[in-house]
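1. what's the 3D shape of this:
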Amino acid sequence: MADKVSFEEAMKKLEDIVERLEEGDVPLEEAISIYRQGMELSKLCHDKLKDVEEQLTQILTEDGKKEDFSIQEEE
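-> Numbers count the residues shown, from 1 in each chain. Here you go, the predicted model:
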């Protein structure tokens, strides 16, 4: 699976795979192949999200200080 696939494309393909597998009329060997492809797409999406998170963290902390952006509840 190429990293050239956008996050949105990977998510769409993953949704299509889930729909096919949920239908239940896919032959076993094909289902295994489709499942494997889905796992690769899932990892690709996870990696892309992690990269974006790291980029955002870097942008938010460019001044060299680690900011605390946790949500605090009002009392």
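2. what's the helix or strand for the residue positioned nearest the centre of the chain?
-> In the chain, the residue lying closest to the centroid (C-alpha atoms, centre = their mean) is C45, at 2.4 Å. With secondary structure defined by DSSP states H and E, C45 is part of helix 28-60.
3. can you give me how far that helix is from the chain middle?
-> Taking C-alpha atoms, centre = their mean, to the nearest Å, one finds helix 28-60 lying 4 Å from the centre of the chain it belongs to.
4. what about L44, neighbour count?
-> Per other C-beta atoms under 10 Å, the neighbour tally for L44 reads 21. All C-beta spots, glycine's among them, are computed from the backbone N, C-alpha and C.
5. that one and T61, how far apart?
-> Distance, L44 to T61, by C-beta to C-beta, to the nearest Å: 26 Å.
6. repeat for I32
-> For I32, the distance to T61 - C-beta to C-beta - is 43 Å.
7. which residue is the nearest non-sequential neighbour of V26?
-> Excluding the flanking residues, the one nearest V26 by C-beta to C-beta, 6 or more residues apart in numbering is R20, at 5.9 Å.
8. was I right to think the one you found contacts I34?
-> Yes. Taking contacts as C-beta atoms under 8 Å, R20 lies within contact range of I34: 6.1 Å.
9. quick check: neighbours shared by these two?
-> Counting by C-beta atoms under 8 Å, 6 or more residues apart in numbering, the shared contacts of R20 and I34 are V26.
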